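Chemist: return a 3D structure for these sequence lines:
(one chain, ligands or ions: 3)
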Amino acid sequence: MATLIKNAQVLMDHQLVTNDILINDGHIQAIGHRLNEQYGAAEHVICADHHFVSPGLVDVHVHLRDPGQTAKETIATGTLAAAHGGFTTVGAMPNVDPVPDTPQKVAAMVAKNREEAHVHVAQYASITKGRTSEELVDFEGVKRAGAFAVSNDGSGVQTAGTMYQAMCGAAKAGLPLAAHVEDDSLYQGGVMNAGPVAERLGLPGINNVSEAAQVARDVMLAEASGVHYHVCHVSTAESIRVIRDAKRAGINVTCEASPHHLLLTDEDITMDNPMLKMNPPLRSPKDRAALVAGLLDGTIDIIATDHAPHTDAEKQGSMRTAAFGITGIETAFATMYTTFVKTRLMSLDRLIELMSTRPAQLFGLKAAGQLKVGAPADLTIIDLDHEYEIKAEQMLSKGHNSPFIGWHVYGDVLMTLVDGQVVYGKDQQK
Ligand SMILES: NC(=O)N[C@@H](CC(=O)O)C(=O)O
Ligand SMILES: [Zn+2]
Ligand SMILES: [Zn+2]
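Modeler: Ligands and ions are numbered 1, 2, ... in the order given. Alright, predicted model coming up:
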């Protein structure tokens, strides 16, 4: 079946231009004008009404919680939430139960994702068995079973020797290694960033060095092993400095930042509020400024949400006891667009590079992140002009643990297509 998207604003050579997009057999067949004269009338016509049509967004850091914690999220709800956020490919973190730490378990996850997901899911295998042990997974085996990368997200790899062996194995298998950087021996049980705000609130703090020291260690190990080392949710000025230096030295290191670390600081925590509790924590304004500088100078390669849904009960009460993590996949584009593009700190083109093109390229997701003839029709139609309020009841994730509820933003996703099929349509929702 052919679908024609009419009057789309698409980015071409860094400019927005009006075009029609013809989709056939799940792929983009043509981009241009008066396509029906050349190709015949399409069975299905979607009027984009001069809204922006983006290559589907790509988020390499998402927690789908399934199997094992389906009260928080399922593959179905998490990927529907992704489609609502404009994402057509997500990377699923392996802190689920059972952990995908063998080729068999990875193959089972890949099959389950294919069965139940509304968007493409790239599956992480863990780095070590059970995610916290020192026993390495079979890197070649998990790659053959369909893993696109390895990560122990949720925990750092504590021992340098284990990390080095893991990097050598991942490098040999051609798998990127995405690291949650956290040295347990430097982490002293905090629940928010260490500093004057934590002191004022009487809450235990998490220092910068528990992250940055492990980044520094890993950069050395990455150089020695030759792996593609990717730092997850970078949050400190020191980590940015180490990564910038490592890149200058030609080491194969990349990193992601999450919207919340680019948009909020610990000064936004005016009271004990679990909606602002995540790991790594919201850092100081100085750290945020270093992250923004890193985003603008290219030290930060991509944006990833770290969408971490929890039940309402787990996010109630005090930050001392609430779960770490916030949702993000439904608010990432709008919050980033509003703060960085609408204000002209960054071009729309660059934001799409950070949220679609580059993550696909860095992680070898060859079919994703492109709007061009021959590519899969993974697209999202976004209204950039209408201001709206982020509301919990509009979220399709099971998790409502977002600090962005109540924000007024631009960048409303109207429709998302995966392989030419509409997987989210604003008008079709309640
Ligand atoms: N970021 C978080 O605070 N939580 C994540 C784990 C993680 O990303 O490290 C989770 O799985 O809930
Ligand atoms: Zn993490
Ligand atoms: Zn995570």
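
Chemist: okay, now the nearest residue to Met395 once chain neighbours are set aside: neighbour count?
Modeler: Nearest residue to Met395, sequence neighbours excluded (C-beta to C-beta, 6 or more residues apart in numbering): Glu330, at 5.3 Å. From N, CA and C alone the C-beta is placed, and that goes for glycine too. Neighbour count of Glu330, defined by other C-beta atoms under 10 Å: 27.

Chemist: surely Glu330 is in contact with His84?
Modeler: Yes - with contact defined as C-beta atoms under 8 Å, Glu330 reaches His84; the gap is 5.1 Å.

Chemist: any common contacting residues for those two?
Modeler: Common contact partners of Glu330 and His84 (C-beta atoms under 8 Å, 6 or more residues apart in numbering): 395-396.

Chemist: neighbours of the residue in the stretch 301-430 of the chain that ligand 3 sits nearest to, how many?
Modeler: Nearest residue of the stretch 301-430 of the chain to ligand 3, counting by C-beta to the ion: Asp306, 4.3 Å away. Counted with other C-beta under 10 Å, the neighbours of Asp306 add up to 28.

Chemist: measure it to ligand 1 for me?
Modeler: To ligand 1, Asp306 is 5 Å away according to C-beta to the nearest ligand atom, to the nearest Å.

Chemist: now do the residue nearest to Met395 against Phe52, distance only.
Modeler: Plainly put, Glu330 is 18 Å away from Phe52 if you go by C-beta to C-beta, to the nearest Å.

Chemist: show me what contacts the residue nearest to Met395?
Modeler: Glu330 makes contact with 81, 84-85, 394-397, 402 under the criterion C-beta under 8 Å, 6+ apart.

Chemist: in three-state terms, label it for me.
Modeler: coil (DSSP: H, G, I helix; E, B strand; the rest coil).

Chemist: same deal with the one 4 residues further on?
Modeler: Going by three-state DSSP, the secondary structure assigned to Ala334 is helix.

Chemist: skip the chain neighbours and tell me the closest residue to the closest residue to ligand 2 within the stretch 51-200 of the chain.
Modeler: Closest approach between the stretch 51-200 of the chain and ligand 2, counting by C-beta to the ion: His180, at 3.5 Å. Nearest non-adjacent residue to His180, counting by C-beta to C-beta, 6+ apart: Asp153, 4.5 Å away.

Chemist: contacting residues around the one you found?
Modeler: Applying C-beta under 8 Å, 6+ apart, the residues near Asp153 are 61, 63, 93-95, 124, 178, 180, 232.

Chemist: how does it look with 6 Å?
Modeler: By C-beta atoms under 6 Å, 6 or more residues apart in numbering, Asp153 lies in contact with 93, 95, 180, 232.

Chemist: tell me the most packed of those residues, by neighbour count.
Modeler: Tallying neighbours with other C-beta under 10 Å puts Met93 at the head of the contacts of Asp153, with 27 neighbours.

Chemist: and the stretch 251-400 of the chain, which residues reach ligand 1?
Modeler: Within the stretch 251-400 of the chain, the positions near ligand 1 by C-beta under 6 Å from any ligand atom are 278-279, 306, 308, 324-325.

Chemist: same question for the stretch 1-150 of the chain.
Modeler: Counting by C-beta under 6 Å from any ligand atom, the stretch 1-150 of the chain sits next to ligand 1 at 63, 95.
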